[in-house]
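Enquirer: Structure of the sequence below:
(2 chains)
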Amino acid sequence: MEKQGFNPFAMAQAQFDNIADELGLDAATKDLLRNPMREYHFNIPIRMDDGTVKVFRGFRVQHNDARGPGKGGIRFHPQETIDTVRALSMWMTWKCAVVDIPLGGSKGGVVCDPHHLSMREQEQICRVWVRQLAKNVGPISDVPAPDVMTSAQHMLWMLDEFEAIHGSKLPGFITGKPVGMGGSLGRTEATGYGVIFTVREALKSLGIRPEDTTASVQGFGNVAQYAIRLYEQLGGKVKCVSCWDQEDQASYSFKKDDGIEFDKLLEITDRFGGIDKGKAKELGYEILGADAWLEQDVDILIPAALENQINAGNVDKIHRNVKIVAEGANGPTTPDADKVLEERKIFVIPDFLANAGGVTCSYFEQVQCNMNYFWEKDEVLGKLDLKMTSAFNSVMELSLKRKLFMRDAAYHIAIGRVAQACHDRGWV
Amino acid sequence: MSDGAQSPDNLLWYLQERAKELGCLYRIEEVLNQPDSDLEDVCKIVIEAIPPGWQYPDVCVAKIEVGDDVYQSENFRETEWVLSSHIEVQDKVVGIISVYYTKEMPKADIGPYLNEEKKLLGTIADRVGHFIMYNNMKQVFQDYEDARDVLTTHQEKEWRVALNLLKQTDKTLYVNICRRMLNHLCWSGIEGSDDLLKSASSISTDQAERLPTEDNRPHQKSPLAFSDKLCEDIFAIADKHIWDEQILGFVRKWIQEDRLSFLTKVLSQNLPMTEAADAVRRYIHLTSDEVDLPRNTKRGIQIALIRRMLSDQMSYINVANDFIEIRDFQEILDKLIYPPDSHGRLGGKAAGLFLAKQVIKRGDDSFPELQDIKVPKTWYIASDGLLDFLQYNNLSEVVEQKYKDINQVRVEYPHIVQMFKNCRFPPEIVQGLSVALDDFKDQPLIVRSSSLLEDRAGSAFSGKYKSLFIANRGTKQERLETLLDAIAEVYASIFGPDPIEYRAERGLLDFIEEMGIIIQEVVGTQIGNYFIPSYAGVAFSRNEFRWSPRIKREDGLLRLVPGLGTRAVDRLGDDYPILIAPGQTNLRVNVTLEEMVRYSPKQVDVINLKNNTFETVTIDILLRSAGDELPGIEKMVSIYDGHLMRKPMGFNIDFEKDDLVVTFDGLISDNKFVKQIQGMLKLLEKELKTPVDIEFASDGRDLYILQCRPQSSTDTGAPANIPKNIPENRILFTANRYISNGKTPDITHVVYVDPQKYDEIEDRQQLLAVGRAVGKLNKVLPKRKFILMGPGRWGSRGDIKLGVNVTYSEINNTAVLIEVARQKGNYVPDLSFGTHFFQDLVEAEIRYLPLYPDDEGILFNEDFLLNSENILSEVAPECADLADVIRLIDVSKSTGGNILRVLMNAELEQAIGILDKPLVDQKSPLPAKDSEEIKSNGNYWAWRLRMAEYIARHLDPNRFGVKGFYVIGSTKNATAGPASDIDLLIHFSGTDEQREDMMTWLEGWSLSLDEMNYLETGYRTGGLLDIHIVTDEDIEKKSSYAVKIGAVTDAARPLPMKTAIEGN
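Expert: Residues are numbered from 1 along each chain as shown, chains lettered A, B, ... in the order given. Reported below is the predicted structural model:
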């Protein structure tokens, strides 16, 4: 991109540079980690339904595989740029490293808008993408997954093509498959539960019993729902949730001081986590504005909806009793708000640690596929707990030892681990 | 017995009487319609059926005399208390039917008899007369056939047999044919014929030979006298000189022509429906399997019938003539209910559907898939049924309603509905409907309007009147009453405010409104207590909402919903139909799982058979309770597991546990359904020579077409005229790719996100801020009065460099969403076509327009956009730092009073944005006041503004210490809805006492207005005025509402008070 303007990859590099300097990485290591190991750019010619041929651009960026096979999604997006894919592949490297799973970071994509493509054409794109990269991806080298505008269906097409080319069953090639077709149980719960595993550990380190705590949650979708369920099982009380109201095109907070009744609330919630305002009122909920969720007198805030939700405009409204912010969503806190949280000594569990349950479960899916033996849900969630807990503890330890803000500690650990692997392999 | 029908007892008695009469009539109809009943059977049954229908059955006896035959009740005896009616066949009395009371009974209208009984007897006599006529004809025809069979061996004598037969049965025709033969013989110069002619008349040859021009006197007319002898002679000569086959040919032709002469006569004189109906019946009877009419004659009669019964629009007639034959009218007449002396037609909707049905039936062979298309059983009431109804109830003055003030119309409408519902229907109509109900059995029905104005004013009119669903369950009497109730309500909808307003707007008020009624069975299945079609919808042969550049207009558009099609016809806003382009079913609007789920239909419209109501229910609940009873359900839903959307395989749906999403994937990939829809659209568009839209429904097995009309659809959806020769400096932009149809109301503001400046932003937060700023403007700018223009793809997420990151809620008030694709180096970026919120745009009727400023021949007035004054920082000071990226232009301010008008025409693939004078200043066909009121949707604001003005004029500023009186908010912005309050801003500088005084004074107004508003709209708010008080201090500081005074946009509107105050 020669044009000036916002460049996500430049931003990711700048972030890396800061941490690298703090870690005191040598020039070669920095140089190695600043840029992807490998990039594939290729054509995807497709015979369209009307008989014409259209050529799409495909990418796969393997940022770093020192710690294991690359892992990362495949995006179908009309404005896909190589810089976006690069930035996201780097982010995947850190994310896998922070939860200490033996995987590297990759990302891929195709510049296309599925809205203007038929399902058959999309299937062709998936198959040609795999054909072009069959030699360079695979269960022990680089493992794709669903991402923006791709779903389990796309993964199955890709897997089918990959297996056809290699002449064997290789379900570990790709993750995000449906249960029964090589998918893992527990995927639905993984991210939400993962958030609470880290919250539980954070409370432990602060010396607070979960049953003495209250929380407020932004969002009521998949992640938030499972987080609330587990948190309540631990004895905590959720006093407020917020969600998007499709009809009003606005967000509302639903508050009940003696604690929400989760199952009853679920009954009046649509598939997207939208709560029926009228019925909630009947159940005795106070309906408040969009930001009310973070103004509550609670111990824990869990933003589990969108990015940039805690920002300079509302960070000061956070109640003085709040002790923990667990970032269930990606990037819910803006950098300036982050500074305020740090000053106020609020314990932040950074997003790529708190919501790493998802990628950990993908790792489990791959492991199960490779041995062709599938665990019960309990086993998946039990192993998830172990992984998340130990990941949290490492970050916590470093944060205490070095007096680092949790977010910085998490980056230090992640980048440190990857740099170490590169050293150990004798790359740098 | 209208006098007697007033007290409840009398009313009950009256209704019982009517029920008895109807029962009697049904019984008689039943026997008349049995194909093998003979006259004797019929008369016996009639004799039996009559007494129970009379007021005093015990003493009632009846007698029928036909020719020499007499039929009578068992205990028959003649008395002085008699009621009689003649039985007529072809205007000749052939018999008499009489009813006697054997004892003296209390006096009523005619002796002891009721007027209704007299009428009933007349009807019975009529029906018997018809029966006799048909029977005779059948007999004649049979004789003829028999004769022919016998004579096949004596070919040469056939014409003679025919003549003899004729001589016995139809003397007039016989003579007529003899005369024509004589003429023929004379013209052919055949020897002896002249003599015969002479003997037939008293005209001497001398006279006959004199040329008429030689004399100014008219010829003396001598009646031709055709004796049997003469006739014999004529044919004796003919026999000598002409071949037998030829004679037979002539005789046949003349008989045929004679039989048809009645048809042309009837039709050309535009006689009542009864006679037209008789004519068609006779025609069909006569031509049942003989050689048909000469082509031209037939064509003429067809046209006459089409004009008489269906439509007098040339465009319709031209098409209909190729598809509707005379015998097809039988189908309508069998199911047509009309008042006596009816001169009505079927109305636009019925005519449209009938024609579509015929086109599909006779459609060419290239659409074999259309053979299975069905039309639901339909009955009609002729268009003048309404006038008859009004006259019968002495309601004719209600027609004047349309000339009243629209607000008064609105207030009075609910009363009119009640009044209509309490009216009685003329007995002919009731009888007809009763027969119709027997035909429908207990199938649920829809009662729809079929207005004559649809023909004239275009199909957009059809949506203005009511359509009502009825469950049609219960006893016959209950069903009949519900049906009458529904028809009355549909009739009343003519006098509703919306259609009257619409007609006023188009100068159609003076046209006498006649409305036909269509009663159609609802297609579907009973599921639990509900009755629904499995799926239904509307289809357009032209796609005006293309969500991908790969879709062509000709690919059409399908809006498909589960259950009743009402949800596909209307734009709902909170629910979504499935959209499909029949020509490109693979290109779907919603492709990601989230979109498929979010934009899937969630509600179903149903008929509740138990409560006899039309209801909307949640599809989840319906499917969970009875999903497996719905035919075709496996083709309507997909099973969603959070990660994958699967079409059901076989019968593996678990209705209780599975998460089901309506996708119609099975139906679409099944192909037959889409092919049928596409075939219909293509065929109808081709034959009707105009793009069409159709309504359809399916019970899960068959596809039914319910309506067909030209696709011009809504006011805003019609193609706009693109003016030529507009000076370039008045053009903001032109476009010629992917254009849809439509035009915008006057645009006052343009929000322009400068593509170049946007591209230069480096900071992601800054890019996001642009989206938020647009969202803010969306909230403060007047709804649908501004347009959004920006680079690339509106609604981008993730990588937001090439398009402003907005959600639907941040653009939902714009009138048009414009994406500008500037050339970058050597490529032009793809546009989104609104895909991020495409269905929301469709449902809200927000227009989408892509601009390619760098294309050849395209005008793009960048100078205006970049150099007009940017008022962003005034309207949204908090966004001032984005002023170099976002330009907010007040069109009026920058052009000296002009507005922007966007005109789009898909047929021409052209769109243009013109800086023009506001519409209200231009010549309007309506009085100024009306146009002002009609311009807004709903009118609620106009009344509010008038009231505000009124209050202001009555407010004494000295008494209350008031310096200024303003109106703000929805009333001022003309966006007020029925429940909106009136926001008043009062500049107050008096004492506390004065303030209290004023508030009390205003409170009175507030409550009164609320009551008035309640009466008009049914909304009660507890006080309609919302008073905002500002003081001098506020104004100085520009705090709170004071900013509105003299503001740049959305300024408060000052209203004059009782006496003007200095400095105001």
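Enquirer: In contact with whichever residue of the stretch 51-200 of chain A sits closest to chain B, which residues?
Expert: Per CB to the nearest CB, A:Ser118 is where the stretch 51-200 of chain A lies closest to chain B, at 2.9 Å. Any C-beta I mention is one placed from the backbone N, CA and C, and that applies to glycine too. Counting by CB atoms under 8 Å, 6 or more residues apart in numbering or on different chains, A:Ser118 makes contact with A:49, B:584, B:586-588.
Enquirer: Repeat the analysis, applying 7 Å as the threshold.
Expert: Residues near A:Ser118 by CB atoms under 7 Å, 6 or more residues apart in numbering or on different chains: A:49, B:586-587.
Enquirer: Count the residues that sit near the residue nearest to it when sequence neighbours are not counted.
Expert: In this structure, A:Ser118 finds its nearest non-sequential neighbour in B:Asn586, 2.9 Å apart by CB to CB, 6 or more residues apart in numbering or on different chains. Counted with other CB atoms under 10 Å in any protein chain shown, the neighbours of B:Asn586 add up to 18.
Enquirer: Kindly report the same for the one 3 residues further on.
Expert: B:Val589 has 23 neighbours, counted by other CB under 10 Å.
Enquirer: Look at it and give its secondary structure.
Expert: Look at B:Val589: counting by DSSP: H, G, I helix; E, B strand; the rest coil, its state is coil.
Enquirer: Name the residues that touch the helix or strand harbouring A:Gln13?
Expert: For A:Gln13, the element it lies in under DSSP states H and E is helix A:8-23. With CB under 7 Å, 6+ apart as the test, helix A:8-23 has contacts from A:30, A:33-34, A:83-84, A:86-87, A:90-91, A:411-412, A:415-416.
Enquirer: hang on, B:Cys390 packs against B:Glu397?
Expert: One correction, residue B:390 is Leu, not Cys. No - applying CB atoms under 7 Å as the test, B:Leu390 and B:Glu397 come out as separate, 8.9 Å apart.
Enquirer: okay, these two: which has more neighbours?
Expert: B:Leu390 (17 against 8).
Enquirer: hmm, which helix or strand of chain B has the shakiest average pLDDT?
Expert: helix B:928-935 (a mean of 35; mean pLDDT, DSSP states H and E).
Enquirer: Could you dump the contacts of A:Ser118 into a markdown table with distance to B:Met904 added?
Expert: What follows is these, written out as a markdown table (distance: CB to CB, whole Å):
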| residue | distance to B:Met904 |
| --- | --- |
| A:Asp49 | 28 |
| B:Asn586 | 27 |
| B:Leu587 | 22 |
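Enquirer: hmm, back to that, list buried members of the contacts of helix A:8-23 by neighbour count.
Expert: A:30, A:33, A:83-84, A:86-87, A:90-91, A:411-412, A:415 (16 or more other CB atoms under 10 Å in any protein chain shown).
Enquirer: and the residue in the stretch 951-1064 of chain B positioned nearest to chain A, how many neighbours?
Expert: Closest residue of the stretch 951-1064 of chain B to chain A, CB to the nearest CB: B:Gly977 (15.7 Å). Residues lying near B:Gly977 (other CB under 10 Å) number 12.
Enquirer: repeat for B:Lys689
Expert: 12.
Enquirer: Tell me where the stretch 801-950 of chain B has strands.
Expert: Taking DSSP state E, counting those that start in this stretch as the test, the strands found in the stretch 801-950 of chain B are B:816-820, B:847-851, B:886-890, B:899-905, B:910-916.
Enquirer: still on that earlier bit, and the residue of the stretch 951-1064 of chain B closest to chain A, how close does it get to B:Tyr1019?
Expert: From B:Gly977 across to B:Tyr1019, the span is 9 Å (CB to CB, to the nearest Å).
Enquirer: interface residues of the stretch 201-350 of chain A facing chain B?
Expert: Within the stretch 201-350 of chain A, the residues that sit near chain B (CB under 7 Å from any CB of the partner chain) are A:247, A:249-250, A:271-272, A:308.
Enquirer: so can I have JSON lines of those residues showing secondary structure and neighbour count?
Expert: Shown next, in JSON lines, are these (DSSP: H, G, I helix; E, B strand; the rest coil; neighbours: other CB atoms under 10 Å in any protein chain shown):
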{"residue": "A:Glu247", "secondary structure": "coil", "neighbour count": "10"}
{"residue": "A:Gln249", "secondary structure": "coil", "neighbour count": "13"}
{"residue": "A:Ala250", "secondary structure": "strand", "neighbour count": "11"}
{"residue": "A:Arg271", "secondary structure": "coil", "neighbour count": "17"}
{"residue": "A:Phe272", "secondary structure": "coil", "neighbour count": "14"}
{"residue": "A:Asn308", "secondary structure": "coil", "neighbour count": "16"}
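Enquirer: Same list (the residues you listed) but as TSV, adding pLDDT.
Expert: Shown next, in TSV, are those (pLDDT from 0 to 100):
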residue	pLDDT
A:Glu247	73
A:Gln249	71
A:Ala250	80
A:Arg271	82
A:Phe272	83
A:Asn308	83
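Enquirer: In these, find the pair that's most separated.
Expert: Taking every pair in these and measuring CB to CB, the maximum separation is 24.5 Å, between A:Arg271 and A:Asn308.
Enquirer: on that earlier part again, which one among the residues of the stretch 201-350 of chain A next to chain B gets closest to A:Arg38?
Expert: Using CB to CB, those come closest to A:Arg38 at A:Asn308, 32.3 Å.
Enquirer: ok, now which ones touch that closest one?
Expert: A:Asn308 neighbours (CB under 7 Å, 6+ apart): A:331, A:334, B:768.
Enquirer: Could I get the CA-only coordinates of stretch B:957-966 as CSV?
Expert: Output in CSV follows, covering the C-alpha atoms of stretch B:957-966 (Å, rounded to 0.1, in the frame of the first residue of the first chain):
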residue,chain,number,x,y,z
PRO,B,957,-48.4,38.3,25.8
ASN,B,958,-49.0,41.2,28.2
ARG,B,959,-51.2,39.2,30.6
PHE,B,960,-48.7,36.4,30.9
GLY,B,961,-45.4,38.2,30.4
VAL,B,962,-44.5,36.4,27.2
LYS,B,963,-41.9,37.7,24.7
GLY,B,964,-42.0,35.1,22.1
PHE,B,965,-43.9,32.0,21.1
TYR,B,966,-42.3,29.3,19.0
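Enquirer: distance of B:Gln453 from B:Met515?
Expert: Let me fix one detail, which is that residue B:453 is Leu and not Gln. Distance, B:Leu453 to B:Met515, using CB to CB: 8 Å.
Enquirer: thinking again about what came up before, the residue of the stretch 951-1064 of chain B closest to chain A reaches B:Gly969, doesn't it?
Expert: No - counting by CB under 7 Å, B:Gly977 stays clear of B:Gly969, with 11.7 Å between them.
Enquirer: what's around residue 387, how many residues?
Expert: Just going to use chain A. The tally of other residues near A:Lys387 (other CB under 10 Å) stands at 21.
Enquirer: right idea, wrong chain: chain B
Expert: Quick note: B:Leu387 (other CB under 10 Å) scores 19 neighbours.
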